[in-house]
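1. just coords:
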């Protein structure tokens with residue numbers, strides 16, 4: 001697999017992450033009547049939208065994901081391997097912290113967050129591969 005192909009995958013994954021983060025941020029800000037992420041008491045996005053995990057450092061938590069995915073996207077566009085890896089590493093730690101809080105403290109599963117976490121794992125894995133490519 002070539003470096004350009006890997007960067008293309010990272011760009012696509014980061015765009016999906018941006019869409020998910022925008023979705024969560026808009027849910028948090030606008031509280032629409034129709035919330036497709038809220039399936040039942042156990043599987044919903046309410047923890048991220050209005051629960052104790054909704055804010056980090058007094059900012060909306062989805063904003064951190066949005067910024068992170070934007071940084072990853074532009075780092076992939078300009079082929080900055082170390083920026084992609086560093087941002088994905090921070091993002092992965094952040095995602096794992098959110099996942100821990102959701103699962104073990106709030107006992108809730110956020111489908112959009114799980115997708116974000118899977119995307120971040122994939123981006124981090126691809127970043128590890130691309131770092132090893134010489135060119």
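-> Structure received. Fair warning: this is a prediction, and the values are worked out from it, not measured in the lab.
2. can you pull the contacts of the residue most central in space within the chain?
-> Closest residue to the average C-alpha location of the chain: residue 116 at 3.8 Å, with CA atoms, centre = their mean. Counting by CB atoms under 8 Å, 6 or more residues apart in numbering, residue 116 makes contact with 17, 20, 21, 24, 65, 95. (Glycine included, C-beta is placed from N, CA and C.)
3. is it true that the fourth one touches residue 62?
-> Yes: under the criterion of CB atoms under 8 Å, residue 24 makes contact with residue 62 at 3.8 Å.
4. and the gap between the residue nearest to the centre of the chain and residue 19?
-> 10 Å (CB to CB, to the nearest Å).
5. what about residue 28, how many residues close to it?
-> Neighbours of residue 28 under the rule other CB atoms under 10 Å: 19.
6. Dihedrals phi and psi, the residue nearest to it when sequence neighbours are not counted?
-> Among residues not flanking residue 28 along the chain, residue 49 sits closest, at 4.6 Å (CB to CB, 6 or more residues apart in numbering). Main-chain dihedrals, residue 49, degrees, to the nearest 10: phi -80, psi -40.
7. biggest helix in this structure, by residue count?
-> When the chain is parsed with DSSP state H, its longest helix is helix 3-30.
8. From the contact counts, what lies against that one?
-> On a contact count with 3 or more CB pairs under 8 Å, 6 or more residues apart in numbering; DSSP states H and E, helix 3-30 meets helix 46-49, strand 59-60, helix 61-77, helix 111-132.
9. Please report the distance of the residue lying closest to residue 50 once chain neighbours are set aside from residue 128.
-> Spatially, and ignoring its direct neighbours in sequence, residue 50 is nearest to residue 28 (7.2 Å; CB to CB, 6+ apart). Taking CB to CB as the measure, residue 28 falls 32 Å from residue 128.
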